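Trainee: below is the structure, and that's it, no one-letter string:
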């Protein structure tokens with residue numbers, strides 16, 4: 001493992017992207033080709049590939065087998081699928097079948113344009129690694145998984161199925177395996193590790209938008225334009241507070257599951273709308289739900305919520321307009337709805353009896369519905385003024401206003417209608433909130449806000465207005481379209497009025513922060529501590545709490561705590577006597593006075609202290625004088641640009 005290279009070569013970045021692409025796309029694509037599947041090729045290829053990565057790992061974890069056995073087994077499966085694909089392609093049986101690679105249509109070209117444009121942006125701006133964002137916690141988990149890979153031993157085995165769900169670091173393990181394959185630490189390959197899942201996520205947004213409009217009367221060009229626009233708005237609007245979802249979560253398990261969410265919704269809509277659709281789609285949905293539950297339970301819950309909503313919504317809608325619906329389709333909806341209601345009643349009863357609710361009210365995430373200003377707790381709901389507002393933002397307000405005023409355009413779009421109303425039957429519904437608190441934490445109830453399809457709805461509104469203007473050039477519609485676009489652009493920008501700032505603009509996290517407030521800020525220190533760790537034992541490091549946060553995550557594989565005070569400034573008053581008379585054998589003293597810049601996120605988001613990267617102020621003012629006056633206690637190992645690493649020599 002090469003811990004000494006500060007900047008990975010273009011070859012390493014390309015190799016990283018290729019490995020991720022092979023693991024996350026090729027196995028599923030081979031299966032799609034072998035079974036002559038013609039719809040949802042991109043998303044099915046990805047979903048099947050991720051499922052194989054997860055399922056093939058489970059037996060080896062159960063029996064505590066070596067990691068290398070799983071890797072060889074996975075490669076054997078991929079090789080077998082590849083050979084089967086080649087055999088099918090070049091046998092006479094398949095001469096009249098669809099070719100292995102079909103010609104690119106306009107939809108595919110639009111997707112390639114989206115991927116190429118984002119890849120260029122990602123190359124220029126770099127990954128989002130702001131200190132001390134949650135990225136560093138996930139990097140620590142990847143390093144923990146990497147240690148397991150190097151030891152050729154999986155992490156502790158699965159004890160029960162309940163413990164399995166959502167508790168195994170499948171995605172962190174994937175990151176670790178790729179880092180091991182390219183012989184570089186995870187942080188060195190972070191550019192490629194965040195590009196591939198981000199591209200797959202954007203591809204799912206693009207293709208899902210196309211599928212929503214495939215039965216509309218819009219022209220092919222307008223459909224592609226709507227899909228491209230929805231991906232652009234997803235990048236710039238989807239997220240929380242100042243954080244763009246695509247940037248902030250690009251290394252996290254959640255972004256690996258969201259594309260499967262869109263695939264499951266597409267499969268369900270096909271099953272409900274077409275009476276000739278087979279039950280195969282339901283089987284696939286069940287398999288993919290299990291995959292999401294194992295990788296990141298949140299997205300499995302999201303999928304179930306929306307699928308239940310769509311099924312019941314469509315049943316009611318078809319009942320109202322029964323004459324326009326084939327009887328077989330209506331019966332399918334009725335039986336599906338009745339089954340769903342029965343399952344919900346049974347599961348709710350079991351959960352309420354067997355589980356106890358998580359505490360709430362001690363954080364601003366959840367408030368009482370009955371009296372938000374009273375100390376007496378009533379029925380819990382998510383706080384609309386906290387994370388929900390951070391997710392909705394001014395952009396969401398604009399979209400909701402235009403959606404309500406033009407709801408006729410979405411009359412048959414069940415996904416949009418159900419998802420736009422989802423806050424009312426999820427986190428603002430006390431029954432759902434109580435049930436959720438029996439399963440999860442009060443600090444995560446608000447996350448169902450991510451179900452609001454604001455970017456897709458905004459793009460559809462714009463396209464519908466453009467389509468209307470193409471056939472009837474009404475001055476009023478032109479004004480409405482211009483107003484919608486203007487308000488959307490304004491809502492996305494980080495404007496300020498007086499001392500009020502648009503803290504729901506995601507532009508801050510879309511800018512480059514890696515060199516001034518992210519991983520590259522102290523990359524030389526990370527490399528040096530990694531080198532020292534290889535040649536001598538390190539029992540501990542005396543430094544400030546922010547530097548400790550970064551080193552714990554990137555070097556020592558320990559989940560960091562951004563609220564820890566570490567050695568400095570906790571011991572600023574007594575550090576001299578402590579260092580002189582305590583046993584600090586095999587300890588390092590790191591004086592890091594290279595401050596980072598205060599970003600807009602740190603300034604207004606409120607997720608951490610505004611001046612957290614002004615670390616030079618955390619050390620005692622006379623620390624340099626103390627080191628100079630005690631040359632027998634310190635041996636300088638390395639220094640560069642206001643960072644000094646000493647070995648402490650005990651008396």
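Mentor: Thanks, I have the structure now. Quick caveat: nothing in here was measured; it's all calculated off a predicted structure.
Trainee: where do the strands of the chain begin and end?
Mentor: With DSSP state E as the criterion, the chain has strands at 239-240, 243-244, 366-368, 380-382, 496-497, 500-501, 540-542, 587-592, 634-640, 643-648.
Trainee: what lies in contact with the last one?
Mentor: When you say that, I think you mean strand 643-648. Strand 643-648 is contacted from outside by 522, 524-525, 528-529, 532, 542, 579, 584-585, 587-594, 627, 633-639, using Cβ atoms under 8 Å, 6 or more residues apart in numbering. The C-beta positions use only the backbone N, C-alpha and C, and glycine is treated the same way.
Trainee: let's see that with 10 Å instead.
Mentor: Applying Cβ atoms under 10 Å, 6 or more residues apart in numbering, the contact partners of strand 643-648 are 522, 524-525, 528-529, 532, 536, 538-543, 547, 579, 582-594, 623-624, 627, 633-639.
Trainee: tell me the buried residues in that strand?
Mentor: By 16 or more other Cβ atoms under 10 Å, the buried positions in strand 643-648 come out as 643-648.
Trainee: pick out the most distant pair among those residues.
Mentor: Using Cβ to Cβ, the two most remote members of the buried residues of strand 643-648 are 643 and 648, lying 16.5 Å apart.
Trainee: is it true that residue 316 touches residue 333?
Mentor: Yes. If you go by Cβ atoms under 10 Å, residue 316 and residue 333 touch, sitting 9.1 Å apart.
Trainee: neighbour-wise, which of the two wins?
Mentor: residue 333 (21 against 11; other Cβ atoms under 10 Å).
Trainee: for residue 456, see how far away the closest residue to residue 218 other than its chain neighbours is.
Mentor: Nearest residue to residue 218, sequence neighbours excluded (Cβ to Cβ, 6 or more residues apart in numbering): residue 467, at 5.7 Å. To residue 456, residue 467 is 16 Å away according to Cβ to Cβ, to the nearest Å.
Trainee: quick one, which of these two is more surrounded?
Mentor: Using other Cβ under 10 Å as the criterion, residue 467 and residue 456 rank with residue 456 on top: 28 against 16.
Trainee: contacts only, for the more buried one.
Mentor: Counted by Cβ under 10 Å, 6+ apart, residue 456 has contacts 205, 208-209, 212, 226-227, 229-231, 233-234, 238, 262, 399, 413, 415-416, 419-420.
Trainee: what does residue 627 give?
Mentor: Counting by Cβ under 10 Å, 6+ apart, residue 627 touches 579, 589, 591, 633-634, 636, 644, 646.
Trainee: I'd like these as JSON lines, with pLDDT and distance to residue 219 appended.
Mentor: Converted to JSON lines, the contacts of residue 627 look like this (pLDDT from 0 to 100; distance: Cβ to Cβ, whole Å):
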{"residue": "579", "pLDDT": "92", "distance to residue 219": "73"}
{"residue": "589", "pLDDT": "96", "distance to residue 219": "67"}
{"residue": "591", "pLDDT": "96", "distance to residue 219": "64"}
{"residue": "633", "pLDDT": "93", "distance to residue 219": "76"}
{"residue": "634", "pLDDT": "94", "distance to residue 219": "73"}
{"residue": "636", "pLDDT": "95", "distance to residue 219": "69"}
{"residue": "644", "pLDDT": "96", "distance to residue 219": "64"}
{"residue": "646", "pLDDT": "96", "distance to residue 219": "68"}
